[in-house]
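Participant: Need a 3D model of the following:
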Amino acid sequence: MRLRHALLTAGAALAAAVLAAGGPPAASAAPGGPAGSGGPGGPAGATASAPGPAGATTGGATAAGATGAAGAAAALAAREAARFWTPERMAGALPVDPERDGTAAPGRPGARPGGAGTGRDFGGIPVVGRLFGVKKGGGYFCTAGAVASPGRDLVLTAAHCLRGTDPKQIAFVPQYTAARPRPHGTFPVRRIFVDPRYRSRGPVRGAPLDVAFVQVGPRADGKLLQDVVGANRLVTGAGYAHPAVRLIGHPARAARPRQCVNRTTRFTSTDKAGPGSFLRIACTGYPGGTSGGPFLRRYDPRTRTGEVIGVIGGYQEGGDSPDTSYSPYFGADVRALYARATGRAGTAGGLREEFVS
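Facilitator: Next up is the predicted model:
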């Protein structure tokens, strides 16, 4: 298992939001307007444009409308988040998913030593970081990544990362490392979007819905997340088999994040209690803490962004072995949830939204 809804703005109450059904559609990755502007694709799919450096501005861009009282409140929330999540507290946070520290099960596709599927620690990329939260009085974390959106303020992770935490403090810290705990600042969480069926069915039956979008507020200087670090593009309906997917996660007890590249395959569960088909990838050394880490295809080393087609989660909440990871399939359900998170879906079909700021 690899944090649940919570936020850190004064006295805010928390919660979740969501969607209704669908099946896997045709792949869609729409560039959506100017570089980095984000937006859903054509009729076949929901995606967001991906900025790299083109989408990460270094000028004085600030949250739209973040002026006066609203701007002051947003700045206060960001400062409080940074004060609470000190480098010491972040370093002491535990992974949400300690069960991933098991051993590889027989019959699973493996990694070739030193070759494809071998995980290596690295300095990280700006669009991926740690999502910190509080659970039973202690600090916990998962991995999460910025995803392009019209509001330039969206993070993607696994839904199980948001289960069971106190409704007090959640914040996203891009490109966290022990040496440089917050190179791009701290972004407090505002809203969380999770399919209600995931909660009602639980983590086993609801595994195919183990996805969450998190809206974050601006950092203390008023700059929006996507304007600071850029964002990956969301792609749905892309299928299961991909020849080269980059997996990024923040392992527990590691000073730096981890990456590897390998092919993905389709895995269909034979467990009657938890049916479904998932993406599967063999990458070594992804223990607790890596849940929510993105599956990136078509990674561009220049922009340091890619197309996100999955997150570590789903089957066995991402897998019970640190050397094999799973993701829910990104189809119509994920596309609908993204539409809700970006304000492009109505309230029909049982969708609802709860605000945490």
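
Participant: ok, and for stretch 231-251, which residues are buried?
Facilitator: Neighbour-count burial for stretch 231-251 flags 231-238, 240, 242, 245-251 (criterion: 16 or more other Cβ atoms under 10 Å). (Glycine included, C-beta is placed from N, CA and C.)

Participant: Mark which of the residues you listed are part of strands, please.
Facilitator: 233, 234, 242, 245, 246, 247, 248, 249 (DSSP state E).

Participant: Just send those back as JSON lines, with pLDDT and distance to residue 330 too.
Facilitator: Shown next, in JSON lines, are those (pLDDT from 0 to 100; distance: Cβ to Cβ, whole Å):
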{"residue": "233", "pLDDT": "98", "distance to residue 330": "12"}
{"residue": "234", "pLDDT": "98", "distance to residue 330": "8"}
{"residue": "242", "pLDDT": "98", "distance to residue 330": "12"}
{"residue": "245", "pLDDT": "98", "distance to residue 330": "12"}
{"residue": "246", "pLDDT": "98", "distance to residue 330": "16"}
{"residue": "247", "pLDDT": "98", "distance to residue 330": "15"}
{"residue": "248", "pLDDT": "98", "distance to residue 330": "16"}
{"residue": "249", "pLDDT": "98", "distance to residue 330": "17"}
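
Participant: Among those residues, list the two that are farthest apart in space.
Facilitator: Farthest apart among those by Cβ to Cβ are 233 and 249. That separation is 19.3 Å.

Participant: Can you name the helix or strand that residue 288 falls in?
Facilitator: Under DSSP states H and E, no helix or strand contains residue 288.

Participant: now swap in residue 90 and tell me
Facilitator: Going by DSSP H and E, residue 90 is part of helix 87-92.

Participant: Distance check, residue 285 against residue 327.
Facilitator: Distance, residue 285 to residue 327, using Cβ to Cβ, to the nearest Å: 17 Å.

Participant: How about residue 342?
Facilitator: Residue 342 sits 21 Å away from residue 327, going by Cβ to Cβ.

Participant: what ranges do the strands span in the stretch 51-200 of the chain?
Facilitator: For the stretch 51-200 of the chain, applying DSSP state E, counting those that start in this stretch gives strands covering 94-95, 120-121, 128-135, 138-147, 154-157, 170-174, 187-194.

Participant: Between those strands, which one is closest to residue 82.
Facilitator: Minimum separation from residue 82 across the strands of the stretch 51-200 of the chain (Cβ to Cβ) falls at strand 170-174, 8.0 Å.

Participant: In CSV, list the C-alpha atoms belonging to that closest one.
Facilitator: Taking Å, rounded to 0.1, in the frame of the first residue of the first chain, the C-alpha atoms of strand 170-174 are listed here in CSV:
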residue,chain,number,x,y,z
ILE,A,170,-1.6,18.1,3.5
ALA,A,171,0.9,19.8,1.3
PHE,A,172,2.7,19.0,-2.0
VAL,A,173,6.5,19.6,-2.1
PRO,A,174,7.9,19.2,-5.7
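
Participant: who touches that strand?
Facilitator: Here strand 170-174 makes contact (Cβ atoms under 8 Å, 6 or more residues apart in numbering) with 3, 5-8, 81, 84-85, 90, 126-134, 144, 146, 155, 162, 181-189, 214, 216, 225, 228-229.

Participant: Distance from the chain centre to it, please.
Facilitator: From the chain centre to the centre of strand 170-174 is a distance of 11 Å (Cα atoms, centre = their mean, to the nearest Å).

Participant: Now do that strand against strand 187-194: the angle between them, please.
Facilitator: Strand 170-174 runs at 110 degrees relative to strand 187-194, counting by axes from the mean of the first three to the mean of the last three Cα atoms, to 10 degrees.

Participant: That'll do, ta.
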